[in-house]
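Enquirer: sharing a model prediction with you, sequence too.
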Amino acid sequence: MPNKRHPSILFKPNIDLQYKKNTLYTCLLKILSVVTSFIIVPITIDFVNAENYGIWLTLSSMVTWISFFDLGLTNGLRNKLTEAISLQKYKLAKTYISTSYALLFGIFFILWLIITLTMPYLNWVEILKVSTTNAPNISQAFIIIFSYFCLSFVLKIINIVLFADQRAAMASLIDVSGQVVALIVIYSLTLVTKGSLLLLCICLCMTPLIVTILFSIFLYRGKYKKLSPSIKYIKIKHIKPLFNTGSKFFIIQIATIIQYQMSSFIIARNLGMNEVTDFNIAYKYFGVLTMAITILLLPFWSAATDAYTRQDFMWLRNKIKQYIKCVLLLTITGIIMYVCSGQLYYVWLKERIDISTTLSFWAMLYNIICVFSHPFVTLLNGIGAITIQLYVSLISPLLFIITATLLVQNTSLGASAVLIASIISNFYGFIIAPIQYRQVIIKHKKGIWIK
């Protein structure tokens, strides 16, 4: 059973070579992405000041809650599309893509209308505890950010197509291009005009959308012409197979959003906007560790789907062993980053922000745990073994909210309390997922382990 290949699938002898190329190019592009994201922080703070940057971060984290309204469709699409392409069923793949575009556009257009109509009734002074002078700008900024996220969810289907075709590097190129253009635009504006929250939102939201649209046109008219979306390929009956897996991802998605996107909101409500900025700076600094493993894993999800479809367990085991070596290396890197954090914060931000060693420690530990968890969770997501993760996701958000709130309100830990709560509530990733991997890939167990 370990190396048995599905007889109906064309075996790809160059799968490992293609995987390595994708990983290498993705790493190079993501390094550029990380560098860009670090450069843009001090420029942005200077452009709009720390409080407005904190408002941008908080609004962005709140708006990302809308991602659960895709009902898990994009993750279901990724798995189904990978299977269809592996089987060379291109008309089926085209149908999945066309149906997904239509469905997501309908969902997010209705959602956009609802939010736009209810916006005048929201009291941002009370919600975010900010000064009354900022309230009108916040309302307009929220509309801009919300509109951006709605459109980006529809347009980002091109990234899913690229992931399914195991071309993660091209998907990364789209993302990093949007970042670089945004950086150039914001830096140019600092030279000619005074910054504002609204201007910042327009720059950071419009540029990625324009870049994604241009790439989509180029790819659908070229390499993916046979997969390009078409109205006549929209099939209602194909929504069900997308949602069979997607509905589970949907619930997990909700849990993830509640657990991780509530962080800035809890800090803002209890500790203030400056603490939001401190938290996000420390999170971004040590988030390089999580980003590094995420970069390496970008091609792995769809490659795991393809390998599991071919029953190539040996390839999957070898990849996990390679990733564990990366985890050890990143753990050592994280410790070094913590020891040198004071000096590196100063080089990065000068005296703009003062990050405590306590906050840095918990940010380091949280990201190291995420680094360890990611390879196992990504593999299980790729092969659709997510039922256990689904059950855990019904518990973890509640555990996070209760723990974070109690620690923030009853200790002097400050923003560190949110990171501690995140570690506690993330027990699936670093405890259960490795056990599930062993049961499915090494012992070939079925039942609840593979559902």
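Expert: Sure, I can see it. These figures come from a predicted structure and were not determined experimentally.

Enquirer: am I right that I55 is in contact with T277?
Expert: No. Counting by CB atoms under 8 Å, no contact exists between I55 and T277, whose distance comes to 9.7 Å. Any C-beta I mention is one placed from the backbone N, CA and C, and that applies to glycine too.

Enquirer: how about the most centrally placed residue in the chain: what's its closest non-neighbour residue?
Expert: Compute the mean C-alpha point of the chain, and by CA atoms, centre = their mean the closest residue is T294, 9.2 Å away. Of all residues beyond its chain neighbours, the one nearest T294 is H374 (6.5 Å), with distances taken as CB to CB, 6 or more residues apart in numbering.

Enquirer: T190 - nearest residue in space that isn't next to it in sequence?
Expert: Nearest in space to T190, with sequence neighbours left out and distances taken as CB to CB, 6+ apart, is F47 at 5.3 Å.

Enquirer: so what's that neighbour up against?
Expert: For F47, the set of contacting residues under the criterion of CB atoms under 8 Å, 6 or more residues apart in numbering consists of 186, 189-190, 195, 200.

Enquirer: next helix or strand past the helix or strand bottoming out on mean pLDDT in the chain?
Expert: Using mean pLDDT, DSSP states H and E, helix 124-128 stands out as the lowest-scoring helix or strand of the chain, at a mean of 69. Beyond helix 124-128 in the direction of the C-terminus, DSSP states H and E gives the next helix or strand as helix 135-155.

Enquirer: now do that next one: which elements does it pack against?
Expert: Packed against helix 135-155, as judged by 3 or more CB pairs under 8 Å, 6 or more residues apart in numbering; DSSP states H and E, are the following elements: helix 50-63, helix 90-118, helix 124-128, helix 197-221.

Enquirer: moving C-terminal of that helix, what's the next helix or strand?
Expert: Toward the C-terminus, helix 135-155 is succeeded by helix 157-164 as the next helix or strand (DSSP H and E).

Enquirer: by contact count, what packs against that next one?
Expert: Helix 157-164 is packed against helix 73-86, helix 90-118, helix 168-192, helix 197-221, helix 300-309, with contacts defined by 3+ CB pairs under 8 Å, 6+ apart.

Enquirer: can I get these in JSON lines with mean neighbour count, mean pLDDT and distance to S356?
Expert: Conversion of these to JSON lines gives the following (neighbours: other CB atoms under 10 Å; pLDDT from 0 to 100; distance: least, CB to CB, whole Å):
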{"stretch": "helix 73-86", "mean neighbour count": "24", "mean pLDDT": "83", "distance to S356": "37"}
{"stretch": "helix 90-118", "mean neighbour count": "17", "mean pLDDT": "89", "distance to S356": "36"}
{"stretch": "helix 168-192", "mean neighbour count": "18", "mean pLDDT": "89", "distance to S356": "28"}
{"stretch": "helix 197-221", "mean neighbour count": "18", "mean pLDDT": "90", "distance to S356": "27"}
{"stretch": "helix 300-309", "mean neighbour count": "24", "mean pLDDT": "86", "distance to S356": "35"}
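
Enquirer: of all those helices, which lies closest to S147?
Expert: Taking CB to CB as the measure, the helices and strands packed on helix 157-164 were each checked against S147, and helix 90-118 came out nearest at 6.5 Å.

Enquirer: can you give me phi and psi for G222?
Expert: As for G222, its main-chain torsions (degrees, to the nearest 10) stand at phi -120, psi -110.

Enquirer: next up, the contacts around it.
Expert: G222 touches nothing, counting by CB under 8 Å, 6+ apart.

Enquirer: could you measure the residue nearest to T294 against T405, distance?
Expert: Using CB to CB, to the nearest Å, H374 is found at 27 Å from T405.

Enquirer: who has more neighbours out of the two?
Expert: Comparing H374 with T405 by neighbour count (other CB atoms under 10 Å), the higher total belongs to H374, at 23 against 17.

Enquirer: pop out the phi and psi values for that one.
Expert: Residue torsions, per degrees, to the nearest 10, at H374 are phi -60, psi -50.

Enquirer: how much space between it and L122?
Expert: Distance of H374 to L122, computed by CB to CB: 36 Å.

Enquirer: and if you look at L406?
Expert: According to CB to CB, L406 and L122 sit 28 Å apart.
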